[in-house]
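*Asks:* After the sequence you'll find the predicted model.
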Amino acid sequence: MEYTAYLSLGTNMGDRENYLRDAVLLLQNDSQLSITSVSSIYETDPVGYVEQERFLNIVLEVKTAKNANELLHKCQQIELQLGRKREIRWGPRTIDLDILLYNHENIETESLSIPHPRMHERAFVLVPLIEINPGLSLPKIDKPLSEILEAIPDKEGVR
Ligand SMILES: Nc1nc2nc(S)n(CCO)c2c(=O)[nH]1
């Protein structure tokens, strides 16, 4: 059985494009996962802890036999492989992989909140997500993504 999931990748340290490329390759190397869509690369103003470099962000659509926990573990494994150090929460990072959506499910455990709890307020997530699937709807929200994006005050300089 294969499930569709959406991942948000972000990086604002070192050779940012290389970190994105390496993360995509490491995901592709997993036999239980195939990447079915990749957004453009967006340069975005940092949200949260603002005293840091601008980010590069992309969103991926993947098809996977992994359950949500296994997918989370894979993302965390790739973050470690690419040298992610969790020094400052919201601080600079070599690479960040967040699960946005998984099989249109709502999942709430101590390690997983899906849909990602902040995705509806992040233009750096919604803009690339709309690019790869404009018709997508979020579980339990019957508004189109474009309407959710419109409601975000500043589009945080997503280019
Ligand atoms: N623009 C932008 N701001 C961010 N703040 C945090 S934390 N992150 C890491 C993802 O949670 C980002 C990001 O990826 N992009």
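*Replies:* Okay, I see it. Numbering: from 1, shown residues only.

*Asks:* Kindly report the residues of this protein close to the ligand.
*Replies:* Within reach of the ligand by Cβ under 6 Å from any ligand atom, the chain has these residues: 10, 44-48, 55, 57, 90, 96, 98, 124, 156. C-beta here means a position set from N, CA and C on the backbone, and glycine is covered the same way.

*Asks:* what about 8 Å?
*Replies:* Counting by Cβ under 8 Å from any ligand atom, the chain comes close to the ligand at 8-12, 44-49, 54-55, 57, 89-91, 93, 96, 98, 118, 122, 124-125, 156, 158.

*Asks:* Are any of these buried, and if so which?
*Replies:* Taking 16 or more other Cβ atoms under 10 Å as the criterion, what is buried in the residues of the chain next to the ligand is 8-12, 44-47, 55, 57, 93, 96, 98, 122, 124-125, 156, 158.

*Asks:* now the residue in the chain positioned nearest to the ligand: how far from residue 150?
*Replies:* Of the residues in the chain, the one nearest the ligand is residue 10, at a distance of 2.3 Å by Cβ to the nearest ligand atom. With distances taken as Cβ to Cβ, to the nearest Å, residue 10 is found 22 Å from residue 150.

*Asks:* if we can go back for a sec, sec struct for the residue of the chain closest to the ligand, please.
*Replies:* Under DSSP: H, G, I helix; E, B strand; the rest coil, the three-state class of residue 10 is strand.

*Asks:* on that earlier part again, just the residues of the chain next to the ligand: which are in strands?
*Replies:* Among the residues of the chain next to the ligand, the residues falling in strands (DSSP state E) are 8, 9, 10, 11, 44, 55, 57, 96, 98.

*Asks:* And these, which two are furthest apart?
*Replies:* 44 and 98 (13.7 Å; Cβ to Cβ).

*Asks:* so what sits against both of these two?
*Replies:* Residues touching both residue 44 and residue 98 by Cβ atoms under 8 Å, 6 or more residues apart in numbering: residue 10.

*Asks:* how distant is stretch 41-55 from the center of its chain?
*Replies:* 14 Å (Cα atoms, centre = their mean, to the nearest Å).

*Asks:* likewise stretch 96-104?
*Replies:* For stretch 96-104, the distance to the chain centre is 6 Å (Cα atoms, centre = their mean).

*Asks:* cool, stretch 124-131 as well?
*Replies:* With Cα atoms, centre = their mean, you get 9 Å for stretch 124-131.
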